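**Q** Let's see this in three dimensions:
(one chain, ligands or ions: 2)
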Amino acid sequence: METRVVFQSEQNIDAAVMKEAGELIRAGELVAFPTETVYGLGGDALNAASSAKIYQAKGRPSDNPLIVHICRFEDIYEICSQVPPEAEKLAKAYWPGPLTMILPKAERVPGETTGGLDTVAVRFPSHPVAKAFIEAAGGFIAAPSANVSGRPSPTLARYVLEDMNGKIPLIIDGGAVGIGVESTIIDLTGEEPELLRPGYITREMLMETLGTVGQDRTMMEAHPTGRPKAPGMRYRHYAPKGELTLVSGKSDRVAAYIREQCRLAKAEHKKTGVLCTEESLPLYQTEVFDSVKCMGSRASQESVARELYRVLRECDDEELEVIFAESFSEEGLGQAVMNRLLKAAGHRTVEV
Ligand code: TXA
Ligand code: MG
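**A** Residues are numbered from 1 along each chain as shown. Ligands and ions are numbered 1, 2, ... in the order given. The predicted model follows:
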């Protein structure tokens, strides 16, 4: 299958392109599209065969449920059998936006879309192209991130093409995404609201709206004894092919440790890399590194979230074998960044 890439600017959405994308979805095909978090791989959420195609294109285990994207708040009642007041409050505060809610599913949502669960993940994205696309496609788009399973989520259409070329007919290119890490997931089906995946909408923000919010204890742990409640959080994710280690401590000690480790690796003819920040960049100007990558500035957690997946992908493009990354505080958006970095590193961490 030939994969076409069509650019759409947020300011000037082409109705003909949206119509074509909508028709592809109604015909059971898949279309990749931009959202404010990462690119999604969309199919008709109410069509079991489309969901099966999504799993196939991603190489994803079919027990890992998909998020259903909507383009009007009211449509939540079409796909959920119960919508508690907490969901309405959160929607008022943060929708459209990077927040996904888990709710009991309505019968019309096929089990293929929800990985066999009787709950459904619902998200109303804010990206104008995403909204226009969902509307043109009938209102209910099942979409995981548009990467091959295990790779970092795509933050550019170019990365979608890398992973999906030949597998889907159309990629809508909306340029670079704004946030760069996937939506926050909150489960509203238990006794107390529970954070399952950290994201741009932080736990503090959720608590402002709801009061208490629990947190899946397997989210940040190295050896979780329990099963993560979001099935996707079980799998190894985002990991580069090389060995990635996170290093925490005072900046100059971290840099000294990483330089020494990479000097040793270089002596064994390994390709070395460091993932650092604007602030620490000058500390890594030596030939022991084949690659020095900047993840953004410590002064802006947003910048780190935006650059993170690009940098992880480039580690593979450059075939780096031994990679070190600096750590961040888990405050605010830092929790989402550290959750992804810890997964990418398979929880290999060093404190210096
Ligand atoms: O920002 C995002 O959420 C992006 C964009 C495209 O919207 N989508 C995304 O989808 O990250 P995906 O499939 O890569 O991640 C969805 C996560 C998985 O960890 C999955 O297990 C969890 O949501 N999930 C989906 N339905 C669930 C359910 N009913 N109960 C618990 N977890 C669920
Ligand atoms: Mg994903």
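**Q** got a list of what the closest residue to ligand 1 within the stretch 151-300 of the chain touches?
**A** For the stretch 151-300 of the chain and ligand 1, the shortest gap (Cβ to the nearest ligand atom) falls at G232, measuring 2.2 Å. No exception for glycine: its C-beta is placed from N, CA and C like everyone else's. Counting by Cβ atoms under 8 Å, 6 or more residues apart in numbering, G232 touches N64, P65, P144, R197.
**Q** and the second one, how many neighbours does it have?
**A** A total of 24 residues lie near P65 under the criterion other Cβ atoms under 10 Å.
**Q** got it, and the first one?
**A** Counted with other Cβ under 10 Å, the burial measure for N64 works out to 17 neighbours.
**Q** Test my guess that it contacts G115.
**A** Yes - N64 is in contact with G115 according to Cβ atoms under 8 Å; the separation is 5.5 Å.
**Q** what sits in contact with each of the two?
**A** P231.
**Q** Out of the contacts of G232, which is nearest to I13?
**A** Sorting these by how near they are to I13, with Cβ to Cβ, puts P144 at the top with 23.3 Å.
**Q** Can you list the residue ranges for helices in the stretch 51-200 of the chain?
**A** 76-79, 85-94, 128-136, 157-164 (DSSP state H, counting those that start in this stretch).
**Q** Compare those helices and report which one is nearest to G174.
**A** Nearest to G174 among the helices of the stretch 51-200 of the chain is helix 128-136 (4.5 Å), distances taken as Cβ to Cβ.
**Q** I'd like to know if that closest one reaches ligand 1 anywhere along the stretch.
**A** No - using Cβ under 6 Å from any ligand atom, helix 128-136 stays clear of ligand 1, coming no nearer than 8.0 Å.
**Q** Just checking stretch 141-154 against ligand 1, any contact.
**A** Yes - using Cβ under 6 Å from any ligand atom, stretch 141-154 reaches ligand 1 at A143, P144, S145.
**Q** Buried residues, that stretch. List them.
**A** Buried residues in stretch 141-154, counted by 16 or more other Cβ atoms under 10 Å: 141-149, 151-154.
**Q** Distance-wise, check the spatially most central residue of the chain relative to F124.
**A** Against the mean C-alpha coordinate of the chain, by Cα atoms, centre = their mean, the closest residue is E182 at 2.9 Å. Going from E182 to F124 by Cβ to Cβ, to the nearest Å gives 15 Å.
**Q** now swap in P240 and tell me
**A** For P240 relative to F124 (Cβ to Cβ), the value is 32 Å.
**Q** Look at the residue of the chain most remote from its centre and report its pLDDT.
**A** Each residue of the chain has a distance to the centre, and by Cα atoms, centre = their mean the biggest one is for A267: 36.0 Å. For A267, the pLDDT comes out at 97.
**Q** for ligand 1, what are the nearby residues on the protein?
**A** So the chain meets ligand 1 at 35, 37-38, 40, 64-67, 100, 102, 114, 117, 119-121, 123, 143-145, 182-183, 185, 196, 229-233 (Cβ under 6 Å from any ligand atom).
**Q** in the stretch 201-350 of the chain, which ranges drop under the pLDDT threshold?
**A** 223-225, 234-236 (pLDDT under 70).
**Q** A helix includes the residue of the stretch 151-300 of the chain closest to ligand 1, no?
**A** Yes - counting by DSSP: H, G, I helix; E, B strand; the rest coil, G232 is located in a helix.
**Q** what about E321, how many neighbours?
**A** Under the criterion other Cβ under 10 Å, the count of neighbours that E321 has is 18.
**Q** so who does it touch?
**A** Neighbouring residues of E321 by Cβ under 8 Å, 6+ apart: G242, E243, A265, K270, K271, T272.
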